[in-house]
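# next comes the sequence, and after it the predicted model I'd like to discuss.
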Amino acid sequence: MEVWRAYRYRLYPKRETEQKMIDILETCRQTYNEMLNICQSTYEMTGKCLNRFDMNRCINYGIDTDISKVNSQVIQNINDRIAKAFSNFFRRIKEKQKGKNIEVGHPRYKNICKSFTFPRTGFRLENNTLFMSKIGIVQIHIGRKQNKVQGHIKTLTIKRELNGKWFACFTCIVNIKKKQKADNRKIGIDVGIEHFANLSDGTMIDNPRFLIQSERRLKILQRRLSMKRLGSTNRKKARLKFAMLHDKISNQRKDFIHKLSCYVVKKYGTIAIEDLNIKSMVRHPYLAKHICDASWGMFANMIRYKAVSAGAELVEVNPSGTSQKCSQCRNEVPKTLAQRWHICPFCGLSLHRDLNSARNILTVGTTGIYACGDGSSALTSLEHSPSRNQEAIQLVG
């Protein structure tokens, strides 16, 4: 079974080598803007768009940027990015015409370029060194034996983070053998803010809230950054400290989710999770920050790709009604977001709201149906419902 895998490693370039990589990023930015300008001018004059092959022909005579110090594969990848940008632009136009509520944005010029890509050739990985054409040899940290690149390498992307760190990202095709679990235990997972995850067997995973824990320090660094003069050395130092703290929060979050997702896929054979529309959920005026801090989407993505190699089966269910139905009698028990305890007036079941939801997710994931009772319409409305602000305060408090 062939699957795509991405491997990300830290690079430690020397000062001269780092300057070459910075120059390549600037050359890529200028080339991108010039090629985008050529595409727009061609469309205005002829009414036709250039494809990536036409753009490759324009590289040698159509731009003023000196590309002699950049690998040809890297320059051609810039044209691939522009072609994909226009393809997505026209796709969004068609979806907008069909009535989909999305924003249609034209490809824009770049003020900064963060990465460049070797699509096929131009690089060689040997032990703890990475050779790149027109750049030279760079030290790369791979670490343990199980962290080494596996499979056939398709692309290499060199990325520079805002905190100044360099990373090499390899995209590979790997042949894996799907395992067969002897014990096919089933579990339903409900993610939330009060608890990061609630399992249908009663296990509750606390929400670490990494962003909230570092929020006071972030405010201090942001205040110091805003007080520095634009273009000064002190502003660069303050910006670097601010970026490094954000990077630390991101690494804490990734480490926590990696460990939790590994635990889930190794222990359970069938995993049922909610197919959440997080893009719409983060529009909530009071809970957006806490939803982004929890990173439910990252957790779901890690379970998806880890379940394939671990031999686990992943089932994504529609989240509609999972928190409003009783997991025992299947009758509807309406609750506001601030009501954290489920008490069923029909069967007398009393348990935490998220645990009830996790059991419903498991039921839907394994059977695919809800068996609604006769008294589902007995409770149709809630009296004295709090406002969205009051609900949010009670939930995150």
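That came through, no problem. Numbers count the residues shown, from 1 in each chain.
# what about the helices in this structure?
For the chain, the helices defined by DSSP state H occupy 15-46, 52-62, 72-97, 210-213, 215-227, 233-267, 278-281, 288-294, 296-310, 353-367, 388-396.
# among those, which is the most enclosed?
helix 353-367 (a mean of 23; mean count of other C-beta atoms under 10 Å). Quick note: C-beta positions are derived from backbone N, CA and C, even for glycine.
# just for the stretch 151-300 of the chain, where's the confidence low?
Filtered on pLDDT under 70, the stretch 151-300 of the chain yields the residue ranges 182.
# one more time with 90
Where the stretch 151-300 of the chain drops to pLDDT under 90, the residues are 151, 162-163, 175-185, 194, 202, 269, 276-287.
# that older thread, can you add distance to N198 and give the helices of the chain back as a markdown table?
Below are the helices of the chain laid out as a markdown table (distance: least, C-beta to C-beta, whole Å):
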| stretch | distance to N198 |
| --- | --- |
| helix 15-46 | 44 |
| helix 52-62 | 48 |
| helix 72-97 | 35 |
| helix 210-213 | 19 |
| helix 215-227 | 25 |
| helix 233-267 | 12 |
| helix 278-281 | 17 |
| helix 288-294 | 13 |
| helix 296-310 | 12 |
| helix 353-367 | 4 |
| helix 388-396 | 14 |
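# looking at the ones you listed, spot the one closest to E161.
Distance to E161, taken as C-beta to C-beta, is lowest for helix 233-267 among those, at 6.7 Å.
# which strands or helices does the closest one pack on?
The helices and strands touching helix 233-267, judged by 3 or more C-beta pairs under 8 Å, 6 or more residues apart in numbering; DSSP states H and E, are strand 186-191, helix 210-213, helix 215-227, helix 296-310.
# could you rerun that using 7 Å?
Judged by 3 or more C-beta pairs under 7 Å, 6 or more residues apart in numbering; DSSP states H and E, helix 233-267 is in contact with helix 210-213, helix 215-227, helix 296-310.
# for L11, which of the ones you listed is the nearest?
helix 296-310 (23.4 Å).
# neighbouring contacts of that closest one?
In this structure, residues lying in contact with helix 296-310 by C-beta atoms under 7 Å, 6 or more residues apart in numbering are 3, 176, 178-179, 191, 257-258, 261-262, 264-266, 271, 273, 276, 278, 314.
# apply 8 Å and report the result again.
Outside helix 296-310, the residues that touch it by C-beta atoms under 8 Å, 6 or more residues apart in numbering are 1, 3, 5, 176, 178-179, 181, 191, 197, 253-254, 257-258, 260-262, 264-266, 271, 273, 276, 278, 312-314, 316.
# same check on stretch 107-124?
Residues contacting stretch 107-124 (C-beta under 8 Å, 6+ apart): 24-26, 28-29, 32-33, 36, 70-71, 73-74, 76-77, 80, 82, 85-86, 89, 130-133, 154-161.
# for that stretch, list every residue counted as buried.
Buried residues in stretch 107-124, counted by 16 or more other C-beta atoms under 10 Å: P107, C113, F116, T117, F118, P119, G122, F123.
# compute the distance between the fifth one and S226, please.
Think F118. Remark: distance between F118 and S226 (C-beta to C-beta, to the nearest Å) = 39 Å.
# related to what we said a few turns ago, and the helices of the chain: which comes nearest I140?
I140 sits nearest to helix 15-46 of all the helices of the chain, at 12.0 Å, using C-beta to C-beta.
# circling back to that earlier point, any chance of the helices and strands packed on helix 233-267 in JSON lines, plus distance to N356?
Shown next, in JSON lines, are the helices and strands packed on helix 233-267 (distance: least, C-beta to C-beta, whole Å):
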{"stretch": "helix 210-213", "distance to N356": "26"}
{"stretch": "helix 215-227", "distance to N356": "31"}
{"stretch": "helix 296-310", "distance to N356": "19"}
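# what's the closest of those to T336?
Among those, helix 296-310 comes nearest to T336, with 20.7 Å by C-beta to C-beta.
# what about that closest one, distance to the chain center?
12 Å (C-alpha atoms, centre = their mean, to the nearest Å).
# renumber starting at 16 from here on
Sure, I'll start counting at 16 from here, so that last one is helix 311-325.
# ok and it relative to strand 201-206, angle-wise?
If you take axes from the mean of the first three to the mean of the last three C-alpha atoms, to 10 degrees, helix 311-325 sits at 160 degrees to strand 201-206.
# out of the helices and strands packed on helix 248-282, nearest to H156?
Relative to H156, the nearest member of the helices and strands packed on helix 248-282 by C-beta to C-beta is helix 311-325, separated by 22.0 Å.
# so who does the spatially closest residue to I264 that is not a sequence neighbour touch?
The shortest distance from I264 to any non-neighbouring residue, by C-beta to C-beta, 6 or more residues apart in numbering, is to F225 (5.0 Å). Residues counted as contacts of F225 (C-beta under 8 Å, 6+ apart) are I264, Q267, R268, F271, D308.
# neighbours of I157, how many?
16 (other C-beta atoms under 10 Å).
# and the one residue sitting closest to the centre of the chain, how far is that from A258?
With distances taken as C-alpha atoms, centre = their mean, M313 lies nearest the centre of the chain, 5.3 Å away. In this view, M313 and A258 are 20 Å apart by C-beta to C-beta.
# hang on, the earlier thing: quick one: closest of the helices of the chain to T186.
Judged by C-beta to C-beta, the one of these that comes nearest to T186 is helix 87-112, at 12.4 Å.
# give me the distance between the closest one and the centre of its chain.
That offset, for helix 87-112, works out to 20 Å (C-alpha atoms, centre = their mean).
# quick one: list the elements packing against that helix.
Against helix 87-112 (3+ C-beta pairs under 8 Å, 6+ apart) you get helix 30-61, helix 67-77, strand 130-133.
# which residue is the nearest non-sequential neighbour of F211?
Closest to F211 by C-beta to C-beta, 6+ apart is N222, at 4.1 Å.
# out of the helices and strands packed on helix 248-282, the one nearest G217 is which?
Closest among the helices and strands packed on helix 248-282, once you apply C-beta to C-beta, is helix 311-325, at 19.3 Å.
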